[in-house]
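> Requesting a structural model of the entry that follows:
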Amino acid sequence: MTGFEEEVAAVLRGLRPGEVVTYGEVAAEAGHPGAARAVGRVLATSDGDLPWWRVVTSTGRLVPGHEAEHARRLRAEGVSVEGERPQNEGTVNFVALIEKKRDGGAFAPDEIRWLIEEYTEGRAPDYQMAALLMAIFLKGIDGEELGAWTHAMLTSGKILDFSHLAAPKIDKHSTGGVGDGVSISLAPIVAACGVAVPMISGRGLGHTGGTLDKLETIPGFRTRLEPGEFRSLVERHGLVLAGQSDSIAPADGMIYALRDATGTVPSIPLIASSIMSKKLAEGIEGLVLDVKVGRGAFMKYIEEARELAEIMIGIGRSNGTRVTAFLTDMSQPLGREVGNASEIRESVDVLKGGGPRDLVELVLALGSEMLVLGGVEPNEATARDRMQKAIDSGAAFEKLVEVAEAQGGDPRVLEDPSLLATAKGDYVIE
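Predicted coordinates for the structure are as follows:
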C-alpha cells in the first residue's frame, strides 16, 4: 500500500460500528483535505477488509449501485436508513441543511456550529457553502441563528486578549463605500490620543475598496500578521493595521471571499456577522461603526442601514462589547481621491492638517466618539480638540510612520507621497 492508502485505511479502521462519515471527512482526517475521490478509489480497490459501508457520499447518500447492501450493513449496526440516506442520531448532512434553509427552515445552534466547522476544516467544498450562502441570502436567518452564526465564526480561531493593557481598546469599522480611506488617517490620530486601536480590516468587497489593499501600496507593508506579532504591535505602538490571519476568525475570511464571488454580499445578516466576528476577535472593549448609506454603499436606503446598525449593536451587546453607530452619506464619493495609492496620499494630507472638508469632518466625528467611548475624553468637543492637537503637533502623522515601519513598510512614501504608485496615464474630464 502507498502512504496515502495506509493513512486512509487507518482512519477507516478507526471508525466505530454505527459511525457514518463522508469520503471528504475521511480524507481530511487522514491529512489530505480535498482528496475525497481518492478515498473512493482506495475503497473500490480494497480486498474488502475495510468498512466501506461506514462511508457515504458528500451529499449523505449511499454508495451508488450498492444501495441495498450498503443499507443492510448499516442497519445491522443500528443505523436507520430512509431512502438513500442514513439517519443515525448525531449524523448531520450538509446538503440536507442547505435544503432546510432553502425551504425556509431555521437552524439549531449545533447545526450552525457543524456547518462552519465542516467548511473551515475543508470537509465541505466551496460549492456547498456557496449554495448555503445563497439560501441564507434569499430566506434570511433569525436573531438566534445570527447569534450562533457569529459565535461560530468568532470561535473558529483565536480571540485576542488585551485586558493587561491600561489603555482603552476601541476600534472602528466602515461598511464600505467609494473613496472611503477613513481608517488610514483616523486610527493613527486616535492612537496618538491614548486609545489602543487593534484594527483588523478587510479587502475590497464588491465595488468598494479595502483598507488592506490601500495599505499594501506602501512598499513592504505587511498586513498578514500572526496573533503573537499582532499583540506585540498593539502593546508597543498602541496601533496595528492588519488583516485576518489563519488564526483569527478564519471562517469569516473564507466566507468573506466566497460571498464576493457568489452575489451574496448585500445580505444584512451576513454583513453583520462578518464584521462583528472579526471585531470581537480583537479583544476590544468598544466599537464605533460607520454604516454607509446611499448609491455608493451596499445599503441603498436608510431603513436598511438602520437595520444593519441595530443588528450589529445587538451582537455587540450580547457579547459584552459597547457599540455605537453612525449612518453616513455615500450618495457620492468621500473626499477627492478614489483608488488605493490615491487614498493613502489623501490620508497623509489629513494627518498633516489638510485634506478635503467632508473627509476631515467624518474622521473627527468618528474619532471623537472613539475617545468618548474609551473614556479618555468626557464629550465630543474636548475629544475633537484633543484630536486636532494630535494633528497639529505632528504626533498623528508620526504614529502612522511608526506603525508602517513596524509592519515592514517604507516610510519614505509617507514622507513624500509622490513616491507612491500612480496611473500610467491620465485622462482629463472637462
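> for the stretch 51-200 of the chain, what are the low-confidence residue spans?
Low-confidence segments of the stretch 51-200 of the chain (pLDDT under 70): 88-92.
> where exactly do the strands run in it?
Secondary structure of the stretch 51-200 of the chain (DSSP state E, counting those that start in this stretch): strands at 55-56, 81-82, 85-86, 170-174, 197-200.
> And these: which comes nearest Glu69?
strand 81-82 (11.6 Å; CB to CB). (Glycine included, C-beta is placed from N, CA and C.)
> Which residue lies nearest the spatial centre of the chain?
Asp252 (3.5 Å; CA atoms, centre = their mean).
> is it true that that residue touches Gln244?
Yes: assessed by CB atoms under 8 Å, Asp252 is found in contact with Gln244 at 6.8 Å.
> list residues touching both of the two?
Lys278 (CB atoms under 8 Å, 6 or more residues apart in numbering).
> For Gln332, give its distance to Leu239.
30 Å (CB to CB, to the nearest Å).
> Show me which of these two is the more surrounded one.
The neighbour comparison of Gln332 against Leu239 (other CB atoms under 10 Å) goes to Leu239, with 23 against 12.
> and the residue nearest to the centre of the chain, that's in a strand?
No: counting by DSSP: H, G, I helix; E, B strand; the rest coil, Asp252 is not part of a strand but helix.
> list the contacts for it?
Met153, Ser156, Gln244, Ser273, Ser274, Ser277, Lys278.
> any idea how far it lies from Leu241?
18 Å.
> Equivalent analysis for Lys352, please.
Per CB to CB, Lys352 is found 18 Å from Leu241.
> higher neighbour count, the two?
Remark: of Lys352 and Leu241, Leu241 carries more neighbours, 28 against 16, as counted by other CB under 10 Å.
> what about that one, which SS state?
Classified using three-state DSSP, Leu241 is strand.
> Give me the pLDDT for it.
Predicted confidence (pLDDT) for Leu241: 97.
> Is Ala404 in contact with Glu398, as I believe?
No: applying CB under 8 Å as the test, Ala404 and Glu398 come out as separate, 10.5 Å apart.
> Looking at those two, which is more packed in?
Ala404 (22 against 16).
> what about that one, helix or strand, and which?
Counting by DSSP states H and E, the element that carries Ala404 is helix 395-406.
> Check which element follows that helix along the chain.
helix 412-415.
> Contacts only, for Val95.
By CB under 8 Å, 6+ apart, the residues touching Val95 are Ser58, Thr59, Gly60, Gln128.
> Drop anything exposed from these.
Neighbour-count burial (16 or more other CB atoms under 10 Å) is assigned, among these, to Ser58, Gly60, Gln128.
> In TSV, list the residues you listed along with distance to Gly209.
As requested, the buried ones among the contacts of Val95 are exported to TSV (distance: CB to CB, whole Å):
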residue	distance to Gly209
Ser58	37
Gly60	41
Gln128	30
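> Looking at the residues you listed, which are in helices?
Gln128 (DSSP state H).
> distance between stretch 415-430 and the chain's centre?
32 Å (CA atoms, centre = their mean, to the nearest Å).
> Quote the end-to-end distance of that stretch.
Taking CA to CA, to the nearest Å, the first and last residues of stretch 415-430 lie 32 Å apart.
> and that stretch, which residues are buried?
Applying a neighbour-count criterion of 16+ other CB under 10 Å, the buried positions in stretch 415-430 are Pro417, Leu420.
> next one: stretch 255-272
Of all the residues in stretch 255-272, those buried under the rule 16+ other CB under 10 Å are 255-256, 258-259, 262, 264-265, 267-272.
> Name the secondary structure element that contains Arg295.
Using DSSP H and E, Arg295 falls outside every helix and strand.
> Now do the contacts for it.
Met330, Ser331, Gln332.
> switch the cut-off to 7 Å
Ser331 (CB atoms under 7 Å, 6 or more residues apart in numbering).
> Ramachandran coordinates for Ser418?
Backbone torsions of Ser418, given as degrees, to the nearest 10, read phi -70, psi -20.
> Tell me the confidence at it?
89.
> Compute the distance between it and Val348, please.
11 Å.
> sorry, back to before: ok, of the buried residues of stretch 255-272, which one's closest to Ala305?
Ile268 (9.6 Å).
> Wait, the closest one touches Glu307, no?
Yes: with contact defined as CB atoms under 7 Å, Ile268 reaches Glu307; the gap is 6.0 Å.
> Spit out the contact partners of Ala124.
Ala124 is in contact with Phe94, Glu118, counting by CB under 7 Å, 6+ apart.
> Give me the neighbour count for Glu310.
Glu310 has 13 nearby residues by other CB under 10 Å.
> which non-adjacent residue is nearest it?
Using CB to CB, 6 or more residues apart in numbering and skipping residues adjacent in sequence, the residue nearest Glu310 is Ala325, 8.0 Å away.
> State the helix or strand in which the one you found lies.
Per DSSP H and E, Ala325 falls inside strand 322-329.
> Local confidence estimate at Asn340?
pLDDT, Asn340: 89.
> tally of neighbours for it?
Asn340 has 21 neighbours, counted by other CB under 10 Å.
> Same question for Arg37.
Counted with other CB under 10 Å, residues neighbouring Arg37 total 10.
> same check, this time on Ala166
Counted with other CB under 10 Å, Ala166 comes out at 6.
> same check, this time on Arg75
By other CB under 10 Å, the residues close to Arg75 number 12.
> Now it. Nearest residue, chain neighbours left out?
Leaving out its chain neighbours, Arg75 is closest to Val81 (CB to CB, 6+ apart), at 6.0 Å.
> again with Ala423
Gly339 (8.0 Å).
> My guess is Leu160 contacts Pro227. True?
Yes: assessed by CB under 7 Å, Leu160 is found in contact with Pro227 at 6.2 Å.
> centre of the chain versus the host helix or strand of Ala38, how much separation?
If you go by DSSP H and E, Ala38 is part of helix 36-45. With CA atoms, centre = their mean as the basis, helix 36-45 stands 35 Å off its chain's centre.
> Hmm, Leu308 is touching Ala297, no?
No: checked against CB under 7 Å, the pair Leu308 and Ala297 is beyond contact range at 10.2 Å.
> So these two - more neighbours on which side?
Ala297 (27 against 24).
> how about that one, what does it touch?
Contact analysis of Ala297 by CB under 7 Å, 6+ apart lists Thr175, Gly177, Met330.
> what about it, is that helix, strand or coil?
Of the three states, Ala297 takes coil under three-state DSSP.
> Now name the helix or strand holding the nearest residue to Lys172 once chain neighbours are set aside.
Spatial nearest neighbour of Lys172, chain neighbours left out: Val288 (4.6 Å); criterion: CB to CB, 6+ apart. Val288 belongs to strand 286-293 when assigned by DSSP H and E.
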